[in-house]
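Novice: need coordinates for the below:
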Amino acid sequence: MQSGLRIGLAKLGVLQGSFLHYKLSDILIGLQKTVKTGILVIQHGLINKELYIKNGDMIYATSNQEADQLGSTLLQQKKLGREHYLEALEQEKKTGLHHSEVLVRNGYLKPENLVPALKLQAHIIIESMLALEEAHFIFQEGPFSSKNVLTLKLSMSNVIYLELKKHADTGLIEEYLLDRVVDFSASPLKLFQHITMDEQDKAIVSLVDGKTKIEEIIKLTPYDTNNVLQTIYALLEARILVIKMDGETPRGIAFEDVVEKIQDLPDALIVKIEKMHAEYKKKSYHEILGIYQNAAEDEIKRAYFKLAKEFHPDLHFNLPRDMKKKLLEVFIYMTNAYLTLKDPQQRKTYRHAGESSEVNRTNFMKPGEIAESRYLEGQTSFRKKEFENAAHSFASAIYFDNSAAKYHYLYGCALGEIGKYKDALEALKKALELKSSDLDTLAEMGYIYLKLGFPLRAKGHFKKVLEKSPSHTRATEGMRLIKTGKF
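Specialist: Numbers count the residues shown, from 1 in each chain. Presented below is the predicted three-dimensional model:
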């Protein structure tokens with residue numbers, strides 16, 4: 001499975017549909033961002049799989065398929081003998097006890113190994129869901145009984161990152177990006193996602209400095225080329241890494257800045273969040289970051305990164321819903337402060353206006369305003385034909401506001417320009433959902449279908465546009481290309 005962006009999915013009313021139209025990763029991220037509680041049910045024929053979500057966190061997974069059962073998982077991993085597996089199944093039927101409870105009671109699974117085993121089972125269930133391309137899903141929102149459910153604390157972004165590695169389109173990198181330089185993302189919201197990197201991943205990413213090409217990173221590591229490409233692909237798709245544009249200055253972010261996380265006791269963390277939330281609107285941007293007014297750009301970055309590694313919403317599981325919302329508000333304010341102060345012109349304007357709490361409240365950019373700012377930056381990059389940068393800016397805009405059709409439309413256009421046709425189509429479909437009458441979006445979808453090798457579908461889209469607007473330039477040109485066969 002490919003995806004250009006983990007933007008999430010927001011929908012009015014009951015969240016339901018088909019995997020033909022929606023990606024599981026987007027559904028999960030959407031539930032995380034909206035701090036939902038409920039059960040995501042996936043069905044395909046007799047297959048039934050369920051993900052239990054609490055306050056946006058994935059805490060449990062179940063399946064009616066024997067291959068997904070805990071005992072079967074342990075059997076496949078050679079951590080359980082077939083005789084014990086069959087015996088546990090028989091006892092489960094007789095006693096009505098949960099399969100995991102039977103395994104522990106019989107001594108086939110040590111209590112301390114139960115949670116790791118259930119996490120592995122959940123990952124296997126989620127991976128199996130990805131193969132159900134025509135499955136139907138529905139999110140049954142509302143509290144559920146967690147009496148017999150162990151809380152697994154599964155990070156949505158980590159599950160998606162691992163999925164991206166397994167399904168990486170390494171051929172895309174080999175064909176188009178080997179001679180390109182990679183750097184860390186400029187978006188802190190992406191940089192501090194909670195993902196688990198093994199030692200190989202860390203070794204690969206430690207070579208990222210905004211100067212080294214992908215082909216050079218491959219040569220500098222002792223690992224198999226395909227493994228290196230899988231890691232780089234997943235980090236690019238998660239937007240932790242980006243392709244550096246020609247002439248662009250390296251961002252100077254060290255790997256240690258991103259992965260070092262401040263550990264804190266839950267009670268102490270909640271006290272900190274409550275304190276920060278009560279005070280943050282009264283603080284100036286310099287005060288919220290804990291820096292002097294004349295702080296240099298590097299100091300601003302270090303201060304923000306330190307806070308981000310402590311307060312990024314993605315780093316904390318199973319906080320109460322109201323606490324998660326408070327944490328998100330504080331983090332958005334911190335991010336707004338960072339984005340303002342690190343830009344010389346914005347910093348000058350901010351200081352000129354004054355730093356009183358009243359001015360801060362007046363000038364504070366809300367998520368929608370940040371989204372519009374990133375959208376305008378993307379438009380500038382797009383006009384300059386800096387399509388990778390444009391895609392990144394539009395992605396950032398969508399993160400803050402997923403409801404604007406124009407963001408998805410230009411994101412799809414930018415992805416089309418850099419060869420991510422399937423992802424471009426997904427973005428354009430989302431734009432059309434939000435604004436069904438948009439002829440420009442229909443026309444662009446026609447071009448993407450041409451590039452994917454579906455001229456009949458493309459022709460259908462162009463015809464729909466021309467029926468409503470006979471002089472539409474893009475649709476007219478598209479029809480000409482089809483007639484001449486020069487596409």
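
Novice: and the nearest residue to K54 once chain neighbours are set aside, how far from D169?
Specialist: Counting by Cβ to Cβ, 6 or more residues apart in numbering, T37 is the residue found nearest to K54 once chain neighbours are left out, at 5.2 Å. Every C-beta, even on glycine, is put in place using the N, C-alpha and C of the backbone. Spatial separation of T37 from D169 under the definition Cβ to Cβ, to the nearest Å is 34 Å.

Novice: and N48, which of the three is it?
Specialist: Classification of N48 using DSSP: H, G, I helix; E, B strand; the rest coil returns strand.

Novice: tell me, how many residues neighbour it?
Specialist: When neighbours are defined as other Cβ atoms under 10 Å, N48 has 14 of them.

Novice: surely it meets N64?
Specialist: Yes: here N48 reaches N64: they are 4.7 Å apart, a contact under Cβ atoms under 8 Å.

Novice: quick one: the helices in the stretch 1-150 of the chain, in order.
Specialist: In chain order, the stretch 1-150 of the chain shows helices spanning 24-33, 70-76, 82-95, 99-105, 114-130, with DSSP state H, counting those that start in this stretch as the criterion.

Novice: per-domain residue ranges of the chain.
Specialist: Following automatic domain parsing, one gets these domains for the chain: 16-155, 168-258, 261-364.

Novice: can you put these in TSV and add mean pLDDT and distance to Y449?
Specialist: Conversion of those to TSV gives the following (pLDDT from 0 to 100; distance: least, Cβ to Cβ, whole Å):
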stretch	mean pLDDT	distance to Y449
domain 16-155	79	16
domain 168-258	83	19
domain 261-364	77	35
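
Novice: can you add distance to K459 and give the ones you listed back as a markdown table?
Specialist: What follows is those, written out as a markdown table (distance: least, Cβ to Cβ, whole Å):
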| stretch | distance to K459 |
| --- | --- |
| domain 16-155 | 22 |
| domain 168-258 | 27 |
| domain 261-364 | 43 |
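
Novice: OK, contacts around the nearest residue to K301 once chain neighbours are set aside?
Specialist: Excluding its sequence neighbours, the residue lying closest to K301 (Cβ to Cβ, 6+ apart) is K342, at 6.6 Å. Under the criterion of Cβ atoms under 8 Å, 6 or more residues apart in numbering, the contact list for K342 reads E297, I300, K301, Y304.

Novice: look up how far V330 lies from the second one.
Specialist: Relative to V330, I300 is positioned 18 Å away (Cβ to Cβ).

Novice: and what of the first one?
Specialist: E297 sits 23 Å away from V330 when distances are taken as Cβ to Cβ.

Novice: tell me how many other residues crowd H136.
Specialist: Neighbour number of H136 under other Cβ under 10 Å is 14.

Novice: now swap in L89 and tell me
Specialist: Residues near L89, counting by other Cβ under 10 Å, number 16.

Novice: related to what we said a few turns ago, could you point out which of the domains of the chain sits nearest Y411?
Specialist: domain 168-258 (12.2 Å; Cβ to Cβ).

Novice: closest one of the contacts of K342 to L80?
Specialist: Out of the contacts of K342, the member with the shortest distance to L80 (by Cβ to Cβ) is Y304, at 47.4 Å.

Novice: that closest one: what secondary structure?
Specialist: In three-state terms, and counting by three-state DSSP, Y304 is helix.

Novice: who are the contact partners of the residue nearest to it when sequence neighbours are not counted?
Specialist: Sequence neighbours aside, Y338 is the residue nearest to Y304 in space, at 4.0 Å (criterion: Cβ to Cβ, 6+ apart). When contacts are counted by Cβ under 8 Å, 6+ apart, Y338 touches P188, L289, I300, K301, Y304.

Novice: the fourth one sits in which helix or strand?
Specialist: In this case it means K301. Taking DSSP states H and E as the criterion, K301 maps to helix 297-311.

Novice: go through that helix and flag the buried ones.
Specialist: When neighbours are counted by 16 or more other Cβ atoms under 10 Å, the buried residues of helix 297-311 are found to be I300, K301, A303, Y304, F305, L307, A308, K309, E310, F311.

Novice: again with stretch 400-409
Specialist: For stretch 400-409, a neighbour-count test (16+ other Cβ under 10 Å) marks F400, D401, N402, A404, A405, K406, Y407, H408, Y409 as buried.

Novice: which helix or strand contains the residue nearest to S25 when sequence neighbours are not counted?
Specialist: In space, and not counting its chain neighbours, S25 is closest to I160: 4.7 Å by Cβ to Cβ, 6+ apart. Assigned by DSSP H and E, I160 falls within helix 156-166.
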